[in-house]
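Participant: structure, please.
(chains A and B)
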Amino acid sequence: MKSVDTSRYRSKTKQTEAALSRGETSTAGIHPSATERSRRTSLGRVRPQRPRWAVIGEHILETVIRISGISAILFVLAIFLFVFREAFPVLGSEEFSLVEFFTSIEWYPTSIKNVRYGVLALIAGTFSVTVLAMVFAVPLGLGGAIFISEFCGPKLRETLKIVIELLAAIPSVVWGFIGLTVMSRIIVQYTDAPVGVNMFNGSIILALMAVPIIVSIGEDALKAVPDSYREAGQALGATKWQLIYRVLLPAARNGLLAAVLLGVGRAVGETMAVLMATGHAVNIPHGILDSIRTLTANIAAELGEAPVGSEHYRVLFLTGVLLFTITFLVNLTADLVIRGVRRK
Amino acid sequence: MDHAGTISRFSSTEFSRQKDRVERVARWVFLAMAVVMIAPLVSIIAYLLVKAWPSLELEFLLDVPRNGMTEGGIWPAFVGTVYLVFISLAVATPIGVLAAVYLNEYAKDNWLNRVINLAVINLAGVPSIVHALFGLGAFVYGAKFGYSILSASLTLAIMTLPVIIASTREALASVPMAFREACWNVGATRWQTIWSIVLPNSISGILTGVILQVSRAAGETAPIMFTGAVFFKAIERGDFFAYRLDEQCMALSMHLYTMATQVPNVEESVPYATAVVLLGSVLIVNTGAIAFRVWLRNRKKW
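Facilitator: Predicted coordinates:
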């Protein structure tokens, strides 16, 4: 991801484009219709023209390209609309109250006598496992980013970046499997936890999954700090560590913050790994060795059993809307932070 | 940095000595962090390989699951994953590449395109389980495709789309502006320039980005779990053309989840071997794509 580099390049591109479209002669290639007119009138004779089908075909193609460009917006809206549409009817239901949804820790969707839909415990689960994962992942990720960007030579850097990329490619279900088999055994052996699948297990797995993204975005942020800053620091006799601590970290602060936020986004949205590694108990955790359940894992676990169109089914979709909103806000913030960096 | 060393050789003050000590400590701490970061990849692969060893042979790949899925191979799951990956990429690649062409070659810096950029970023951040809900609502029930390979592939396609857009944009942006200007100046239209100059010069970068998505699509579980992948489906051993578009299928990632959590008394090495096949295919495809990219970068002339 060379977001900063390419954006710099692109802005140059746009300047050139703007300059081109202001000029008169060089727009010839850009607006075919204008070109044809000028060929007929100002030159006084008709030059050989492209076949009509080619011109029309090109128009059609450019329309298709434009539509594809807008498709991303359509998909985001469609995701929200379709998920919301399935969830919506439950909002008007008598047995469901939005206040209870957000404030109750009681999640008994299949109880026969007294159905209760409270997602507070699930939110607490998601929140706690994400925070604990970030406690592990942020120092490790930022440390890794600093090492790759400042301490190692070009060969080692390339190798490390490839390894990070491979690390990011490990499927979440494989991570979940590791948590279920390896990590849980280790945890049972070295702690007095009754079961190995718990918040600690899940957060280690999530941390390992979030580290690659923090490293790669963080490294980009550090690389974007101008070399003149480093040279100025070195000229004053600063060691690398002093340089990092006093100059690079403050200068790359926003980029690093965005890296952490994207890591958070990944951890909040992760499904399979937490489904398999956190132990599936709906409760508010009191210690790091408690089993928990997250919003995502809850949907994955129960959607298969909820009859289509039932209240339970719709509440699960409502949880989806909640998740969508949370990650939307996290990503939006990260984007605004990165944008702030670019503007500078 | 020899700099600090030079100072201490000539005038070693307490201050500079301390500075050097801190520097050494910092260097080791950061090295340790990098090692801690890498260690899981190596140890995970090693551990899985050791555990999976009894089952790892070609027969495991080609055989169908037997005896209530507790023995036998993974052929139906493997084929299902291949189907899902190819169909989803066949859908996502054209849309993604065209969208990237629009964003990189046509779009001006106005509010619409800022919204598009934002949408791409957010699409990339939507949790996989929300994609599953969307697939269920839109394709399975909305478009009435039912639980099928088609629904699951389309769900995966939308999931991989933003990443394809991002990687394609990067590949397009790396084509120097001068190439385009030269082409415009001989009278080519914008599309002619894109078709004959920009795309040929960036096709390898685009391909690399798409290949990297193969592994992502293959590894995803949540989006296909409720849209088309099933626990078990009987097909013939070694039969590659076993599935139809409107049928459900098995998938490797789903199979691993099932074996690990739902099926009792599985032969111990079988889930490990499934994990090895999944992880192995993902890493092989990715390593190939990365090697291709490195090779291309060295070959590039501009």
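
Participant: got phi/psi on the one residue in chain A that gets nearest to chain B?
Facilitator: Proximity of chain A to chain B (C-beta to the nearest C-beta) peaks at A:Pro171, 2.5 Å away. Backbone N, C-alpha and C define where each C-beta goes, glycine included. Main-chain dihedrals, A:Pro171, degrees, to the nearest 10: phi -60, psi 150.

Participant: likewise B:Ala229?
Facilitator: phi -90, psi 140.

Participant: tell me the contacts of it?
Facilitator: B:80, B:84, B:152, B:221, B:248-251, B:254 (C-beta atoms under 8 Å, 6 or more residues apart in numbering or on different chains).

Participant: can you give me the distance of B:Leu98 to chain A?
Facilitator: Plainly put, B:Leu98 is 4 Å away from chain A if you go by C-beta to the nearest C-beta, to the nearest Å.

Participant: give me the pLDDT for A:Ile338.
Facilitator: On pLDDT, A:Ile338 comes in at 79.

Participant: for A:Phe102, same thing?
Facilitator: pLDDT, A:Phe102: 86.

Participant: A:Val119 is in contact with that one, correct?
Facilitator: Yes: assessed by C-beta atoms under 8 Å, A:Phe102 is found in contact with A:Val119 at 7.0 Å.

Participant: the two - which one has more neighbours?
Facilitator: Legend: neighbour count by other C-beta atoms under 10 Å in any protein chain shown for A:Phe102 and A:Val119, higher for A:Val119 (24 against 12).

Participant: that one and A:Thr327, how far apart?
Facilitator: 16 Å (C-beta to C-beta, to the nearest Å).

Participant: tell me where the stretch 1-150 of chain B has strands.
Facilitator: All strands of the stretch 1-150 of chain B, identified by DSSP state E, counting those that start in this stretch, fall at B:65-66, B:71-72.

Participant: sorry, back to before: now do the contacts for the residue of chain A closest to chain B.
Facilitator: Neighbours of A:Pro171 in contact, by C-beta under 8 Å, 6+ apart: A:272, B:215, B:218-221, B:253, B:278-279, B:282.

Participant: lowest pLDDT pick from the residues you listed?
Facilitator: Among the contacts of A:Pro171, pLDDT bottoms out at B:Ser215, giving 85.

Participant: quick one: contacts for that residue?
Facilitator: If you count contacts by C-beta under 8 Å, 6+ apart, B:Ser215 has them with A:169, A:171, B:281-283, B:285-286.

Participant: what would the contacts of A:Pro171 look like in JSON lines with secondary structure and distance to A:Thr110?
Facilitator: Formatted as JSON lines, the contacts of A:Pro171 follow (DSSP: H, G, I helix; E, B strand; the rest coil; distance: C-beta to C-beta, whole Å):
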{"residue": "A:Met272", "secondary structure": "helix", "distance to A:Thr110": "23"}
{"residue": "B:Ser215", "secondary structure": "helix", "distance to A:Thr110": "37"}
{"residue": "B:Ala218", "secondary structure": "helix", "distance to A:Thr110": "34"}
{"residue": "B:Gly219", "secondary structure": "helix", "distance to A:Thr110": "31"}
{"residue": "B:Glu220", "secondary structure": "coil", "distance to A:Thr110": "28"}
{"residue": "B:Thr221", "secondary structure": "coil", "distance to A:Thr110": "24"}
{"residue": "B:Ser253", "secondary structure": "helix", "distance to A:Thr110": "27"}
{"residue": "B:Leu278", "secondary structure": "helix", "distance to A:Thr110": "32"}
{"residue": "B:Leu279", "secondary structure": "helix", "distance to A:Thr110": "35"}
{"residue": "B:Val282", "secondary structure": "helix", "distance to A:Thr110": "36"}
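
Participant: quick one: list the elements packing against the helix or strand that contains B:Ile165.
Facilitator: Using DSSP states H and E, B:Ile165 falls within helix B:149-173. Taking 3 or more C-beta pairs under 8 Å, 6 or more residues apart in numbering or on different chains; DSSP states H and E as the contact definition, the neighbouring helices and strands of helix B:149-173 are helix A:3-22, helix A:52-87, helix B:75-101, helix B:111-125, helix B:128-135, helix B:199-219, helix B:222-225.

Participant: alright, calling it a day.
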